[in-house]
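A.B. asks: the following comprises the amino acid sequence and a computationally predicted model.
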Amino acid sequence: MKVFIINGPMGVGKTTVGKFIADHHPGTAFIDGDWCMDIHPFVGNPETRAMAADNILHMISNYQKCSVCNMVVLAWLMDDPQVIQRIMDGLYTLKAEVRNATLVCNRENLIRRWSYDQNCEWRTDEWMNVSLKSLPVFSAMDHVIDTSDMSVDRIAELIIQ
């Protein structure tokens, strides 16, 4: 099974692109990693990140067993090397064909995208500043796609290639 991992800072468009890919490729499951760690109030610590990684791997394993599913798209902010390694090791064990993409964009585009997303409770000025500060971290990762001024369908095309 092919598993596409879409990584990047908050607000860059991971969910939008992941859903676009799933909508345009029949038999694709979409996993938003945030769903796998949806604790109220939010707690982001080693224990909850490990739990989320295990939940993600469990879901992917179940999708592998489903005859109508042939691809999974995982969108999640992964800036912790231990979490990335845990997921990659698990996908290796599942014998998944993995493709990674880390989405970034310039500062102006991130601010604009952030302002358009009014449905997410995380879209506060405080979190936007955290996301802006994280751009250099994600820009230094592997398989980076600078999505500044790109359409969703073009970004999806680059990921699927």
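C.D. replies: That came in fine, so what should we check first?

A.B. asks: return the helix or strand in this structure with minimum mean pLDDT.
C.D. replies: helix 107-116 (a mean of 91; mean pLDDT, DSSP states H and E).

A.B. asks: which other residues reach the helix or strand that comes right after it?
C.D. replies: Downstream of helix 107-116, the next assigned helix or strand under DSSP states H and E is helix 125-139. Residues outside helix 125-139 that contact it (C-beta atoms under 8 Å, 6 or more residues apart in numbering) are 7-12, 79, 102-104, 107, 110-111, 114, 144. Where you see a C-beta, it was placed from the backbone N, CA and C, and this is true even at glycine.

A.B. asks: nearest to Met51 among those?
C.D. replies: Nearest to Met51 among the contacts of helix 125-139, counting by C-beta to C-beta, is Asp79 at 17.1 Å.

A.B. asks: and that closest one, helix, strand or coil?
C.D. replies: Put simply, Asp79 is coil when judged by DSSP: H, G, I helix; E, B strand; the rest coil.

A.B. asks: identify the residues contacting it.
C.D. replies: Ser134, Val137, Phe138.

A.B. asks: what about the closest residue to Ile111 other than its chain neighbours, how many neighbours?
C.D. replies: Closest residue to Ile111 apart from its sequence neighbours, by C-beta to C-beta, 6 or more residues apart in numbering: Met128 at 6.9 Å. Neighbourhood size, Met128 [other C-beta atoms under 10 Å]: 19.
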